[in-house]
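Colleague: Need the 3D shape of this:
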Amino acid sequence: MTDKPTVLIVDDEKPTRDGLRAALEENYDVYVAEDATAAMNLLERERFDVLLADYRLPKEDGMQLITRAKSLSKSTPVCILMTAYGSEDVAADAIRRGADDYISKGRMQIDLLENRIARALRQQNLEHENRSLRQQLQVSHGAQNILGNSAAIKGVMDIVQQVAPTRAAVLIEGESGTGKELVAKAIHQLSPRADQPMVTVHCAALSPTLLESELFGHEKGAFTGAHERRIGRFEQARGGTLFLDEIGEIDPGIQVKLLRFLSERTFERVGSNKTITSDVRIVAATNRDLEKLVKEGTFREDLYFRLRVVPIKMPPLRERREDIPLLAKHFLREVAKENSKSVGEFTPEAMDCLVQYNWPGNIRELRTAVEHAVVLCRGESITVKDLPVYARNNQAAGSRFESEPQPEQESDEEGGDGETPASERSSVRQAEKQLIMRALQECNGNKTLAAQRIGMSRRTLHRKIRRYQLQSYSS
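Modeller: Below is the predicted model:
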């Protein structure tokens, strides 16, 4: 099943609207509006391929409507102006002001109109392809934000370059913080869809009801609180890429709907029986073992295989230690600029600590550690003393969570370890508090996402929220 192009017809004469709709609806998904206000309401909510507007409209003429439609941030439709017979001057002015084509209502035949629409759509597609090619040439090896010279990361990028031009579903697997979203962005940037939207959904952050509405949209009155129609992410990503992060967390009911879309490219909004088709490429990511979830019966086997057409396994940072200096220096430049600090390098001893540590939170945790060091650094070089305590111990076989005190030991931690000066402990705690506050603000109070962002377990984050009295920042 293929998508029909969507056409919005704007004409204040009902017989004309109905006649055009009847003539075009076999080959197009047709919407109608009686004036510019109604048309703009539709254009702001829906994505249209073609806008067919009469020049003479009440209050605001068709050319003004086309100008407003062209200014929308979402993908711009092909705009065709319908003019009165003999209005060549109006038509020429319309082309100069941004209309893609015009047609005289006095001479209009449906075959001629469909030819004009098809010609304009072909031209638009060519422009999209050229723009996509230019973007691909500007992207070095897929994505400039994926850093590393290790064999592991080069293997990942080889797969990305092979799969990106296709429309195959991709499943990116790996621990939290390994850069799965960056790889998804690289796939989108290198694909023919690069000039279309890439829409991201964090599946674990929403309840099943909210996630269903977020993905598929809903109609007004579909459930309590549904005061107006909502366009879901599948429609927002039409022609582009939908990135489903933490796919292992989705509810069985939504798994069924997602499987149907992958099989048929169709879905319905919540509260509607109207079937909608959408050309969307699915890229999913998970930090869980989906094969194990399939065996346990909590994840559908057929959906697993539909998502895993091309699997990409992201290596943890401890398996690509040779990339740590490159990543650390990149984060140092980035964070120093953000904080207006003149910190320019690591001492050899500090870098050795970073390379030896196991990084259970992976790249995300490394960036947090570098930010911690930059904030506390008093000179121009980061020393071992500036690093977080867990990173300076060189516990290559361990994890910072293993050495963290349990809740009943918290008073001992607050009292100090007898070796670290009280002033340094206070600075460390203040920096940690600031990092947690920032993570909670950036994640809108979602503790699960905040814990992942700073490389901390949810349990530990709960304890530190209580310690630093940050309950007002969390939901």
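
Colleague: can you pull the contacts of Pro252?
Modeller: Thr298, Arg300 (CB atoms under 8 Å, 6 or more residues apart in numbering). Where you see a C-beta, it was placed from the backbone N, CA and C, and this is true even at glycine.

Colleague: Show the pLDDT at it.
Modeller: The model reports Pro252 with a pLDDT of 91.

Colleague: With Glu88 instead?
Modeller: For Glu88, the predicted pLDDT is 68.

Colleague: go on, Ala39?
Modeller: At Ala39 the predicted local distance difference test score is 92.

Colleague: Please verify my assumption that it contacts Val10.
Modeller: Yes: using CB atoms under 8 Å, Ala39 is in contact with Val10, at 4.5 Å.

Colleague: Common neighbours of the two, please.
Modeller: Joint contacts of Ala39 and Val10 (CB under 8 Å, 6+ apart) are Ala33, Leu51, Ala53, Leu65.

Colleague: Serialize the residues you listed to JSON lines and add fields for neighbour count.
Modeller: Formatted as JSON lines, the shared contacts of Ala39 and Val10 follow (neighbours: other CB atoms under 10 Å):
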{"residue": "Ala33", "neighbour count": "22"}
{"residue": "Leu51", "neighbour count": "28"}
{"residue": "Ala53", "neighbour count": "25"}
{"residue": "Leu65", "neighbour count": "25"}
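
Colleague: May I see those organised as TSV, with distance to His462, pLDDT and secondary structure added?
Modeller: TSV is the format used below for the shared contacts of Ala39 and Val10 (distance: CB to CB, whole Å; pLDDT from 0 to 100; DSSP: H, G, I helix; E, B strand; the rest coil):
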residue	distance to His462	pLDDT	secondary structure
Ala33	51	94	strand
Leu51	51	92	strand
Ala53	56	92	strand
Leu65	53	91	helix
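
Colleague: just the residues you listed now: which is nearest Phe299?
Modeller: Comparing those against Phe299 with CB to CB places Leu51 closest, at 42.4 Å.

Colleague: For that closest one, list each beta-bridge partner.
Modeller: Leu8, Cys79 (DSSP bridges).

Colleague: what residues are up against it?
Modeller: Val7, Leu8, Val10, Ala39, Leu43, Leu65, Ile66, Ala69, Pro77, Val78, Cys79, Ile80.

Colleague: where in the stretch 51-200 of the chain is pLDDT low?
Modeller: For the stretch 51-200 of the chain, the stretches flagged by pLDDT under 70 are 73-75, 85-88, 106-108, 127-145.

Colleague: again, only using 80
Modeller: 71-76, 84-94, 96-97, 106-109, 123-145 (pLDDT under 80).

Colleague: For it, which segments are assigned as helices?
Modeller: Secondary structure of the stretch 51-200 of the chain by DSSP state H, counting those that start in this stretch: the helices cover 62-70, 88-96, 110-138, 151-163, 180-189.

Colleague: For Arg321, state which of the shared contacts of Ala39 and Val10 is nearest.
Modeller: Using CB to CB, those come closest to Arg321 at Leu51, 55.0 Å.

Colleague: now that closest one: how far from Ser71?
Modeller: Distance of Leu51 to Ser71, given as CB to CB, to the nearest Å: 13 Å.

Colleague: same question, Ile95
Modeller: 17 Å.

Colleague: Tell me which of the two has more neighbours.
Modeller: Ile95 (12 against 9; other CB atoms under 10 Å).

Colleague: Who are the contact partners of Glu246?
Modeller: By CB under 8 Å, 6+ apart, the neighbours of Glu246 are His202, Cys203, Ala204, Ala205, Ala285, Thr286, Asn287.

Colleague: Out of the residues you listed, list just those in helices.
Modeller: Applying DSSP state H to the contacts of Glu246, no entry is found in helices.

Colleague: is it possible to export these to JSON lines including distance to Thr460, pLDDT and neighbour count?
Modeller: Putting the contacts of Glu246 into JSON lines (distance: CB to CB, whole Å; pLDDT from 0 to 100; neighbours: other CB atoms under 10 Å) gives the following:
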{"residue": "His202", "distance to Thr460": "21", "pLDDT": "93", "neighbour count": "20"}
{"residue": "Cys203", "distance to Thr460": "23", "pLDDT": "92", "neighbour count": "22"}
{"residue": "Ala204", "distance to Thr460": "18", "pLDDT": "88", "neighbour count": "18"}
{"residue": "Ala205", "distance to Thr460": "19", "pLDDT": "85", "neighbour count": "17"}
{"residue": "Ala285", "distance to Thr460": "23", "pLDDT": "97", "neighbour count": "26"}
{"residue": "Thr286", "distance to Thr460": "22", "pLDDT": "96", "neighbour count": "22"}
{"residue": "Asn287", "distance to Thr460": "17", "pLDDT": "94", "neighbour count": "21"}
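
Colleague: want to throw the shared contacts of Ala39 and Val10 into JSON lines with distance to Glu264?
Modeller: Converted to JSON lines, the shared contacts of Ala39 and Val10 look like this (distance: CB to CB, whole Å):
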{"residue": "Ala33", "distance to Glu264": "30"}
{"residue": "Leu51", "distance to Glu264": "28"}
{"residue": "Ala53", "distance to Glu264": "33"}
{"residue": "Leu65", "distance to Glu264": "35"}
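
Colleague: circling back: for the helices of the stretch 51-200 of the chain, please prepare TSV with the additional fields distance to Phe346.
Modeller: Formatted as TSV, those follow (distance: least, CB to CB, whole Å):
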stretch	distance to Phe346
helix 62-70	50
helix 88-96	58
helix 110-138	31
helix 151-163	21
helix 180-189	23
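
Colleague: wait, which of those helices is closest to Leu327?
Modeller: helix 151-163 (10.2 Å).

Colleague: Report the inter-axis angle for that closest one versus helix 180-189.
Modeller: Using axes from the mean of the first three to the mean of the last three CA atoms, to 10 degrees, the inter-axis angle of helix 151-163 relative to helix 180-189 is 30 degrees.

Colleague: Can you give me the buried ones in helix 151-163?
Modeller: By neighbour count on 16 or more other CB atoms under 10 Å, the buried set for helix 151-163 is Ile153, Val156, Met157, Ile159, Val160, Val163.
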